[in-house]
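>>> test case, fold it:
(one chain, ligands or ions: 1)
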Amino acid sequence: MQPPVFATFHDAYRAVLELVSTHPQHETSTRGNHSRERLNVSFTLADPRHRTPALAARRTNIVFNYAEVLWYLSGRDDVEMIGYYAPRLRTLAADGRRLTGTAYGPRLFAPRGDSQFDRALELLGKDPDSKRAAMTIMRPGEFADPANPDVACTLAVQFLIRAGHLHTVVFMRGNDALIGLLCDVFSFTFLAEFAALQLGVGLGTYTHHVASMHLNTPDLPQAQAILAEPAAPPAPAEAMPVGTTWTTVAQILHWEEQLRAGRCALTAAQVAALPLEPYWQQVVLLWEVYRQITHQGGQPITAEVLAALTPQHRWLIACRWPDRLPSTGERR
Ligand SMILES: O=c1ccn([C@H]2C[C@H](O)[C@@H](COP(=O)(O)O)O2)c(=O)[nH]1
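This is a model prediction of the structure:
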C-alpha cells in the first residue's frame, strides 16, 4: 500500500488539513494541548521543489522557513539564531540557550565531515542502490524526562537513489498539521534538493510518514479559513542552483548573521552585486526584509527591496506583514 502522490505540497497540505480537521479519528489531550488526530498519515510529493503553499490565510513565514533549514545546515542548536525568527521557540529551550529536540542540525550535520548526512552521502556515492542511508534524529530515552519541553518529532530521514534520482523519506512520531507540517516539509524537501546536488543525481520524490498527525483545537478556525480559500494556480518553483555547495551555505549564513546582528543593511543593488546566484540573493533579500521589520521600529519595508523579491516571495511577505508594506509602490 503506497501513500497518495501530490503534484505540489500546496495540494498535500490542504488534503491533510481537510482530513484532520473534518474527519478526525481521535480527540486527544496531552501536555496541555487538545487536538483532533489521524493516525498514520502519509503522502508523496512528486516535485519536492513545490514546497510553499499559496494560502493567504496560512500567513506563511517564508523568512523563518529559510532560516530554519539553514540553521539545520549550520549544525547549531542555539536558540539565539532561530529565536530571532520565531520568538515562541525560546520557550522550548529548557536552559534558555539550546534547543534539544527541535535542533535537527547537530544530529544530521555535525561534526562536519563525519556527520550522519556526510556518511549517508558517502555510502550512496559508493553503493547507489543501498537502503542503509538512514539518518536517525530522535534518540533512545529522549522522552525519559517528563519535564523536557523539546523532544524531537522526527524519527529519521532516509535517502535512496533509484533510477538516477534521490528519493527522500521522512518518518515522524508526531506532526502539527497547521504549523509543524509546513515548516518540516519545507526544510526536509530543501535538504533533499541540497543532497541531490551534492550527489550529482536528479531530485526524486519526497515522502512524509507521520504516526500522529494532529491539529490543535485553537488552530481549527485558521485551518477552516485556509480550506475556504479558492484554488490558486501553482506558484513557480525555482530549482536550487547546480553549483550550490557547503561554501554557498557558509556565505548565506554569513549574511544571515550580519543582518540579524544589525551590523549592516543592504540595498537591492548591493544584494544584486553579491557573488551569489539569484536564487541565493533572494534568501539574502529576505534576511534584509526581516532586518527592516525587526530593527526599524515599525517603519515600512523599503519599496526597492520589496520590488527585488520574486512575486511569490513578495506575496508571502505581504500576507505575513501587511502592516509593513510601503504605502506606495508595488505590492504584488
Ligand atoms: O519539527 C516539529 C517539531 C514539533 N512539532 C509539533 C508536534 C507536536 O504538536 C508538538 C510537540 O509536542 P509533543 O509531541 O512533544 O508533546 O510540536 C512538529 O510538528 N514538528
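>>> would you mark the buried spots in the helix or strand where residue 195 lies?
Assigned by DSSP states H and E, residue 195 belongs to helix 180-199. Buried positions in helix 180-199, judged by neighbour count with 16 or more other Cβ atoms under 10 Å: 180-199. For the C-beta atoms, the positions are set from N, CA and C on the backbone; glycine is no exception.
>>> same thing with stretch 289-298?
289, 290, 291, 292, 293.
>>> centre of the chain to that stretch, how far?
Centre-to-centre, stretch 289-298 and its host chain are 22 Å apart (Cα atoms, centre = their mean, to the nearest Å).
>>> now do it, average pLDDT.
What stretch 289-298 shows for mean pLDDT is 94.
>>> just to revisit the earlier point, tabulate the buried residues of stretch 289-298 (CSV), appending distance to the ligand and secondary structure.
CSV is the format used below for those (distance: Cβ to the nearest ligand atom, whole Å; DSSP: H, G, I helix; E, B strand; the rest coil):
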residue, distance to the ligand, secondary structure
289, 24, helix
290, 21, helix
291, 26, helix
292, 28, helix
293, 24, helix
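>>> which bits of the stretch 51-200 of the chain sit near the ligand?
102, 151, 153, 154, 174, 175, 176, 180, 184 (Cβ under 6 Å from any ligand atom).
>>> contact partners for whichever residue of the chain sits closest to the ligand?
In the chain, the residue found nearest to the ligand is residue 180; the distance is 2.0 Å by Cβ to the nearest ligand atom. The neighbours of residue 180, taking Cβ atoms under 8 Å, 6 or more residues apart in numbering as the test, are residue 153.
>>> how close does it sit to residue 300?
Here the criterion is Cβ to Cβ, to the nearest Å. By it, residue 180 lies 31 Å from residue 300.
>>> and residue 253, by the same measure?
Noted for residue 253: a distance of 27 Å to residue 300, by Cβ to Cβ.
>>> swap in residue 214?
Residue 214 is 38 Å from residue 300, by Cβ to Cβ.
>>> for those two, indicate the residue with more neighbours.
Each of residue 214 and residue 300 has its neighbours counted (other Cβ atoms under 10 Å); residue 214 has more, 28 against 17.
>>> right, and that one touches residue 172 too?
No - Residue 214 sits out of contact with residue 172 when judged by Cβ atoms under 8 Å, with a separation of 11.2 Å.
>>> for the stretch 151-300 of the chain, just list every one of the strands.
Taking DSSP state E, counting those that start in this stretch as the test, the strands found in the stretch 151-300 of the chain are 154-162, 165-176, 202-216.
>>> redo those strands as JSON lines? Include mean pLDDT.
Below are these laid out as JSON lines (pLDDT from 0 to 100):
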{"stretch": "strand 154-162", "mean pLDDT": "99"}
{"stretch": "strand 165-176", "mean pLDDT": "99"}
{"stretch": "strand 202-216", "mean pLDDT": "98"}
